[in-house]
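Enquirer: Compute the structure for the input listed below.
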Amino acid sequence: MTAAPILTTDRLILRPHRVEDYPACQALWADPDVVRFIGGAALDAQAVWFRILRYAGMWALLGYGMWAIEDRTNGELLGEAGLLSAARGLAELDGVPEAGWVLGPAAWGRGIATEAMAAIFAWTDAHLAAPSIRCIIAPDNGGSIKVAEKLGFAALAEVDFHGAPTRVFDRPCQR
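Expert: Numbering: from 1, shown residues only. Modelled structure (predicted):
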C-alpha cells in the first residue's frame, strides 16, 4: 500500500494528507493548547511540512501511517490520526505500530478522536499482522488517556521520554 485508504464514518472522512492541508496543519501544530502534551512546543513551518512528507513516506515504506481527519459536512481539517513508526528509542515500542491522534480545539470533547481511531483500528485489524498497537501519553493528558481506554488500550509501562514521565499503553490487535 502506498497511500492511505479513504475511510468514512458517520461524521468523518479519513484520507491521505494533501499539499492543500499544509496551512491547516501549520495552524494545528502551532497551537500551544494542541502541543501542550506533545512535546510542549509549537512546530515551525518546515517541521510541519516535513511531517506531512513523513506521513506519505510511512505509507510507501510501511504500508500504514497517518490520516487527515476531515469533517464530512464542511470539509474542515479537524486533525490527524493513525499509526506510525517513530523510532523513539523506547523498547516498549519496538516491533509494533504506534497509534497517535491530534485534534484542533474545535474538535475536542466531541468523540472525534475515538470515532476516527475506531475506524482506523477496524482497518488495522483487517490489514496488519501486528500483535498489538501501542501509544504513549503524558500522564497529565486525561483526555487522551480516556480516548485510549475507550479504544481498548491498557497501561503497560511508565517510562521516561525526553526527561518527562510518559505512559505506554497497549491494545492487542483483533485478528
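Enquirer: got the residue ranges for the strands in the protein?
Expert: Taking DSSP state E as the criterion, the chain carries its strands at 7-8, 12-15, 66-71, 77-84, 98-103, 132-137, 154-161, 164-172.
Enquirer: For my notes, please list these in a markdown table and give distance to residue 124 for each entry.
Expert: Yep, even glycine has a C-beta here, placed from its N, CA and C like the rest. Output for these, formatted as a markdown table (distance: least, C-beta to C-beta, whole Å):
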| stretch | distance to residue 124 |
| --- | --- |
| strand 7-8 | 11 |
| strand 12-15 | 12 |
| strand 66-71 | 11 |
| strand 77-84 | 7 |
| strand 98-103 | 9 |
| strand 132-137 | 7 |
| strand 154-161 | 17 |
| strand 164-172 | 9 |
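Enquirer: So which of the ones you listed is nearest residue 58?
Expert: With C-beta to C-beta, the closest approach to residue 58 among these belongs to strand 77-84: 6.1 Å.
Enquirer: buried set for that closest one?
Expert: Buried positions in strand 77-84, judged by neighbour count with 16 or more other C-beta atoms under 10 Å: 77, 78, 79, 80, 81, 82, 83, 84.
Enquirer: do the same with stretch 88-102
Expert: With the criterion 16+ other C-beta under 10 Å, stretch 88-102 contains buried residues 88, 90, 92, 93, 96, 97, 98, 99, 100, 101, 102.
Enquirer: Could you identify the most distant pair in the residues you listed?
Expert: Of all pairs drawn from those, the greatest distance, 20.7 Å, lies between 92 and 102 (C-beta to C-beta).
Enquirer: In this structure, where is pLDDT below threshold?
Expert: Residue ranges of the chain with pLDDT under 70: 1, 175.
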